[in-house]
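Undergrad: Provided below are the primary sequence and the corresponding predicted coordinates.
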Amino acid sequence: MTANPFAWPFRWQMLFGALASLALVAYAYFWVQQRMLLMPCPLCVFQRIAFCGMALVGLVAAAHDPKGATGRRGYGLLAFVVAMVGAAIAARHVWIQSLPPDLAPSCNSLGLEYMVGVMPLADVVREVLTGSGECAKVDWTWLGLAMPAWTLVCFVALGLGALVAGFRARR
């Protein structure tokens, strides 16, 4: 009989999701940013924050390892919601990259660090989600998809995995 990967205990499933999220952030930072010298645009930074949020939820859920269905479902839903926020940011990024050059947003001369320092957080989020010319640029592809498309796939996969972990019937 073949082992069913969905039969993993809740703790291991959530730990796997957390480690996968951290591995994606580590790849983006250590390989893409430091080795390939591709600096993240503001939308990329927000996607990294969402992956860190997923990792945090997964680590807390694994450490807590609730025995009741309510606790597991709560952690599964929370991780799913964080994943869907990340997926929405990634989808916005994919959409901006798909625009013709004449319709793409113009480059924002304000850096994210500057905006965070001088603007209210709600204005920073609105400005970043509006997108800028640097977000429309495609610097990296794999199998024909740019990085935001891959992060969208990862957010959806990790979010669905969290739902499975939280709602799977346990013996």
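TA: Thanks, I have it. Numbering: from 1, shown residues only.

Undergrad: least trustworthy helix or strand in this structure by mean pLDDT?
TA: Within the chain, no helix or strand scores below helix 133-136, which has a mean of 66 by mean pLDDT, DSSP states H and E.

Undergrad: give me the sheet partners of the following helix or strand past that helix and which way each runs.
TA: Next in sequence after helix 133-136, counting helices and strands by DSSP states H and E, comes strand 141-142. Using DSSP bridges, strand 141-142 pairs in its sheet with strand 145-146 (antiparallel).

Undergrad: may I see the buried residues of the helix or strand following the partner strand?
TA: Once strand 145-146 ends, the next helix or strand along the chain (criterion: DSSP H and E) is helix 147-167. Across helix 147-167, burial judged by 16 or more other C-beta atoms under 10 Å covers 147-152, 154-156, 158-159, 161-163, 165-166. In this view, the C-beta of every residue, glycine as well, is placed from N, C-alpha and C.

Undergrad: any idea of the mean pLDDT in helix 147-167?
TA: Regarding helix 147-167, the rounded mean pLDDT is 94.

Undergrad: now do it: distance to the chain's middle.
TA: Computed by C-alpha atoms, centre = their mean, to the nearest Å, the separation of helix 147-167 from the middle of its chain amounts to 8 Å.

Undergrad: extract the CA atoms of it and return them as PDB.
TA: What follows is helix 147-167 as a C-alpha-only set of coordinates in PDB (Å, rounded to 0.1, in the frame of the first residue of the first chain):
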ATOM      1  CA  MET A 147       8.100  35.100 -11.300                       C
ATOM      2  CA  PRO A 148       4.800  36.600 -10.300                       C
ATOM      3  CA  ALA A 149       3.000  33.900 -12.100                       C
ATOM      4  CA  TRP A 150       5.000  31.200 -10.300                       C
ATOM      5  CA  THR A 151       4.300  32.900  -7.000                       C
ATOM      6  CA  LEU A 152       0.600  32.900  -7.800                       C
ATOM      7  CA  VAL A 153       0.800  29.100  -8.500                       C
ATOM      8  CA  CYS A 154       2.700  28.600  -5.200                       C
ATOM      9  CA  PHE A 155       0.200  30.700  -3.200                       C
ATOM     10  CA  VAL A 156      -2.700  28.700  -4.600                       C
ATOM     11  CA  ALA A 157      -1.000  25.400  -3.900                       C
ATOM     12  CA  LEU A 158       0.100  26.300  -0.400                       C
ATOM     13  CA  GLY A 159      -3.400  27.700   0.400                       C
ATOM     14  CA  LEU A 160      -5.200  24.600  -0.800                       C
ATOM     15  CA  GLY A 161      -2.700  22.500   1.100                       C
ATOM     16  CA  ALA A 162      -3.500  24.400   4.300                       C
ATOM     17  CA  LEU A 163      -7.200  23.800   3.800                       C
ATOM     18  CA  VAL A 164      -6.600  20.100   3.300                       C
ATOM     19  CA  ALA A 165      -4.400  20.100   6.500                       C
ATOM     20  CA  GLY A 166      -7.100  21.900   8.400                       C
ATOM     21  CA  PHE A 167     -10.200  20.100   7.200                       C
END
